[in-house]
Every structure is written in C-alpha cells, then in structure tokens.
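Asks: Sequence isn't available, so here's the structure alone:
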C-alpha cells in the first residue's frame, strides 16, 4: 500500500484515473491532475513546499520530486514524463517534457514545452531551457532542436503510461 501522508494538515490530492504504485510515497502539499501515474519507489515530497502535477503526467520508478523550503515550489505540467531515478527539485517543467532517466533538474530552472532532458543530465539552478530543444550533459547544454519523431514521442509517451497504469487496476 502506498505511503500517503498529510504534513501540517496538507493532504495529497489527485484526480480521477490515477495509478499510485503500492510502494510509492506521496506526502504533504501535492496536487495531481487526472490520468497521472506514480510508479514503484517514486517519492513526491510536498513537505517543505507545494508540488503541482498536471494531467496525463507520469513519475516513473525511483524518481524523486521535491522542492526547497521558503524558496522554490515544483510545478510539473500536462503530459510530462519524468524518467526512472530522475530528481526534479524546486523547478518548473512545462507541458510535453521528457526528463530522461537519472537526470537532475535543480531549483528555479524552467524547462519549456516540448523539451527533452537527456538521461543523466544535470540542469543547473536558474537555467531556462528553450522550447523545442534537446538538452544534455553535465551541466546540461542546448544540443539541437528536437526532431518530428521526438516531438511525436513526447505526444505518445504519456498515453503509453496511461495504458501501462491500466494494467494494474
């Protein structure tokens, strides 16, 4: 059974048709939209600041979503895929973003629409990622525009995770 806990009288909330894995943890001031999924060993800690996740987004296995006390909330848009073991911390991910496996997004960074953050990349504090580009490396740099195939992946991947989540219901 997932760990779902209030913190300072703030309870996690989510919309219809969400899947939360039995060993996921969601605490505090967390709000998720509809058709979201939180996968095995993922942690969403809204204890020190607000975390908001839009519709059709997926937080994959082992990912950690957190924020910074009195400094930086975390906002994740619609149709966002946060890859396995990624860390999303006190930042903004706009719609149609893919955060690759093991990537780290730091405080006050903004990842704009239709961006891909490459696996293992580190997006430093206060970085603004321009819409429509692949960012990769440590620190992450703008590499190249995403292709039409990658744009199609950003549109399709959330639907795949909605389908996978249905397998567990």
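Replies: Yep, that arrived. Note that the structure is predicted; figures quoted are calculated from it, not measured. Numbering: from 1, shown residues only.
Asks: Tell me where the longest strand sits in the protein.
Replies: The strand that spans the most residues within the chain, counting by DSSP state E, is strand 43-53.
Asks: Moving C-terminal from it, which element do we reach first?
Replies: Later in the chain than strand 43-53, the nearest helix or strand by DSSP states H and E is strand 58-59.
Asks: hmm, who's touching the longest strand of the chain?
Replies: The contact list for strand 43-53, computed with C-beta atoms under 8 Å, 6 or more residues apart in numbering, reads 7, 10, 12, 24-33, 36, 38, 59, 63-76, 80, 90. C-beta coordinates here come from the backbone N, C-alpha and C atoms, glycine included.
Asks: Can you flag which of these belong to strands?
Replies: Among the contacts of strand 43-53, DSSP E puts 25-32, 38, 59, 64-66, 74-76 in strands.
Asks: Enumerate the positions of stretch 20-31 that are buried.
Replies: For stretch 20-31, a neighbour-count test (16 or more other C-beta atoms under 10 Å) marks 20, 21, 24, 25, 26, 27, 28, 29, 30, 31 as buried.
Asks: Wait, a helix at residue 151?
Replies: Yes: looking at residue 151 with DSSP: H, G, I helix; E, B strand; the rest coil, it is inside a helix.
Asks: With adjacent residues omitted, what lies nearest to it?
Replies: Computed as C-beta to C-beta, 6 or more residues apart in numbering, the closest residue to residue 151 that is not its neighbour in sequence is residue 114, at 6.1 Å.
Asks: Show the pLDDT at the one you found.
Replies: pLDDT recorded at residue 114 is 98.
Asks: what number of residues lie near it?
Replies: Neighbourhood size, residue 114 [other C-beta atoms under 10 Å]: 20.
Asks: any idea which helix or strand carries it?
Replies: Using DSSP H and E, residue 114 maps to neither a helix nor a strand.
Asks: Relative to residue 90, how far out is it?
Replies: Counting by C-beta to C-beta, to the nearest Å, the gap from residue 114 to residue 90 is 22 Å.
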